[in-house]
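[1] only geometry, no sequence info:
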């Protein structure tokens, strides 16, 4: 059976599963559509949250990102540490509040239409920018594994999401995400276990990372350090000099994670407040399985690649191009690996072209780095590198698509409920019937999918920057306003609105200054290089600063203006105690 | 009112628990993993140092332990104070 047929079987079977679940879990009421009826078991919810949270980027790109070395540990700590904040600072209280969306809480807590509108705008910007990346990711995964154009792939993906998200709402999405989690985690760990066994003899990649490299007898990481050093790269485990930026970047990813609306709404679906706490823990368990495997995939994948190119060590002559393994050839066809023989010796030289290494390179007769490798192949090519059977490659295909689709569905639900519930039901037409609201939710979901598909096919130039924007806004606007709404009775609507605006504007302006105004290429005011950054803070790390600005403005304005009315203070009080989860809804 | 006092005691117990947990949260990630790493550089862990371990793996394990500990403590507090659902 050809690889193409195997991939088709795996992807097709997983799609049948998702659609089958969608038909079984159709939503019959708005409560089922928005929060799956509120009866999801915490372990189930944890699994769904994990799939919701782990996007195509986590599955395909993260190992590549952290393969740069220690400095990118920020992604590991940042993308998991946010769940601690969610569990203690947001999830149980928002669950007690008992409504359907994030702007719902903001609008009711501050008793302000302006606050609700700002929250809706932030939610739409965050979710829309994020969903484009997911749709593009799904298209790319299809193109690579099913040999269709990425546009065709994207349209197939949208049709599938359309069926199960529009039909099932949160209920359908929840159970589909559970299935998608299982597919993606199996797909991620199997090749990782094999590569760990080959390189370190450890069954668990997590212990293999700190284990001994079988071939050289040295600790794996020490071997990797030596090899990369000989090629002019920085040590894999080397410390960083700009600690402030690493600190703020990690912080931005943490509070951004805790402020992402599609993650927060997952905690509305459990039966009790106590379950919301457990559920955050279970979510992190399922996420940690992938996130502790990723650094092993990163370091072993990198060492493996270098060993392939330099079979006799980095100082001996490199591999002859004609003798390159089959998998390298396959990936050359996709354009993710490019070779150019700069010194015409028929061999592949891969090294870091930095001034400090120029002399060594010249002495070895090297005329420039000849192999450009896209970091995404670390995960995607893993099974081929480890010579695993074809079904594992089919599994990776299904896993990558599952990761992209599960996150896209969660985001689309957050978008559609903000439109149908916060804009239509709470602002434009409060008298809308339950049936009418559900129809509105389905229509806005369908429109959101159409727009996301269109944007995925014609991605605006900024697709690569969206993570900065989505996390920056979530960190600088949503997270602080929710936290202050729960932990301070004194914050009033003026403080909340001005705080959100201050956080939102300072962060977007800082990002636009370096990455281009509205991401239009060439319009950036300052070149995006560390020398230009304010105190060495990169645009990606500014969300944490924006959050501090938000807190400061909100407290300042609130204390200078009147206290919130008594009934709001009572609402805050009631949100803090789990007892009587119905109480907070009745007002 | 006794109910109000009880509620206030529950809330401050919650805040103390959150604060304690967040100190550990910050110490293991921002502390050992980033800022204090040079201090821990003398402690070797499998080809790297303890700070590297915290940054790549340790902090995630601590986060997990923290959330489950918090959930267990809080759910117990809910019952002690008669505030559970």
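    Noted; the coordinates are in hand. From a predicted model like this one, the values you see are computed outputs, not experimental measurements.
[2] Could I get the full set of strands for chain B?
    B:44-45, B:48-49 (DSSP state E).
[3] what about the first one, near chain A?
    Yes - among the residues of strand B:44-45, residue B:45 lie within reach of chain A under C-beta under 8 Å from any C-beta of the partner chain. For glycine as for every other residue, the C-beta is placed from the backbone atoms N, C-alpha and C.
[4] quick one: strands adjacent to that strand?
    strand B:48-49 (antiparallel) (DSSP bridges).
[5] before we move on, the earlier item: single out the most deeply packed of the strands of chain B.
    Stretch with highest mean neighbour count among those: strand B:48-49 (a mean of 23; mean count of other C-beta atoms under 10 Å in any protein chain shown).
[6] Let me see the residues that make contact with that one.
    Contact with strand B:48-49 is made by A:210, A:219, A:221-222, A:237, B:37, B:40-43, as judged by C-beta atoms under 8 Å, 6 or more residues apart in numbering or on different chains.
[7] ok, of those residues, which come out buried?
    Applying 16 or more other C-beta atoms under 10 Å in any protein chain shown to the contacts of strand B:48-49, the neighbour count classes A:210, A:219, A:221-222, A:237, B:37, B:40 as buried.
[8] Please flag which of those sit within helices.
    A:221-222, B:37, B:40 (DSSP state H).
[9] is it true that residue B:71 touches residue A:275?
    No - counting by C-beta atoms under 8 Å, residue B:71 does not reach residue A:275; the two are 9.2 Å apart.
[10] Nearest residue to residue A:29 in space, please, no chain neighbours.
    Leaving out its chain neighbours, the residue that sits closest to residue A:29 by C-beta to C-beta, 6 or more residues apart in numbering or on different chains is residue A:434, at 6.7 Å.
[11] before we move on, the earlier item: from the buried ones among the contacts of strand B:48-49, which one has the minimum pLDDT?
    Ranked by pLDDT, the buried ones among the contacts of strand B:48-49 bottom out at residue B:40 (92).
[12] OK, contacts around that residue?
    B:32, B:49-51, B:54.
[13] what helix or strand does the closest residue to residue A:181 other than its chain neighbours sit in?
    Distances taken as C-beta to C-beta, 6+ apart place residue A:51 nearest to residue A:181, at 3.9 Å, with adjacent residues excluded. Using DSSP states H and E, residue A:51 falls within helix A:42-53.
[14] same question, residue A:338
    Per DSSP H and E, residue A:338 falls inside strand A:337-339.
[15] which parts of that strand are buried?
    In strand A:337-339, counting by 16+ other C-beta under 10 Å, buried: A:337, A:339.
[16] Output the contacting helices and strands for it.
    Applying 3 or more C-beta pairs under 8 Å, 6 or more residues apart in numbering or on different chains; DSSP states H and E, one finds that strand A:337-339 makes contact with helix A:326-334, strand A:371-373.
[17] if we can go back for a sec, next structured bit after the helix holding residue A:51?
    Next element after helix A:42-53 (DSSP H and E): helix A:56.
[18] Can you point out the buried residues in whichever strand or helix holds residue A:195?
    Residue A:195 is part of helix A:167-200, with elements assigned from DSSP H and E. Residues A:167-185, A:187-200 are the ones in helix A:167-200 that count as buried (16+ other C-beta under 10 Å).
[19] Run through who's touching the helix or strand following that helix.
    From helix A:167-200 onward toward the C-terminus, using DSSP H and E, the following helix or strand is helix A:205-208. Residues outside helix A:205-208 that contact it (C-beta under 8 Å, 6+ apart): A:189, A:192-193, A:195-197, A:199-202, A:220, A:292-293, A:296-297, A:300, B:57.
[20] quick one, phi psi at residue A:237?
    phi -100, psi 10 (degrees, to the nearest 10).
[21] That one against residue A:71, yeah?
    No - counting by C-beta under 8 Å, residue A:237 does not reach residue A:71; the two are 10.3 Å apart.
[22] Leaving out sequence neighbours, find the closest residue to residue B:36.
    Using C-beta to C-beta, 6+ apart, the nearest residue to residue B:36 is residue B:51, at 7.1 Å.
[23] Please tell me how far residue A:320 sits from residue A:199.
    Distance, residue A:320 to residue A:199, using C-beta to C-beta, to the nearest Å: 24 Å.
[24] Equivalent analysis for residue A:284, please.
    Per C-beta to C-beta, residue A:284 is found 28 Å from residue A:199.
[25] Please apply the same query to residue A:383.
    15 Å.
[26] just checking, what's the longest helix in the chain?
    As the question left the chain open, I've gone with chain A. Chain A, longest helix under DSSP H: helix A:273-309.
[27] Please refer instead to chain B.
    Under DSSP H, chain B gives helix B:2-26 as its longest helix.
[28] That helix packs against which elements?
    Using 3+ C-beta pairs under 8 Å, 6+ apart, helix B:2-26 sits against helix A:73-85, helix A:566-576, helix B:59-80.
[29] One more pass at 6 Å, please.
    helix B:59-80 (3 or more C-beta pairs under 6 Å, 6 or more residues apart in numbering or on different chains; DSSP states H and E).
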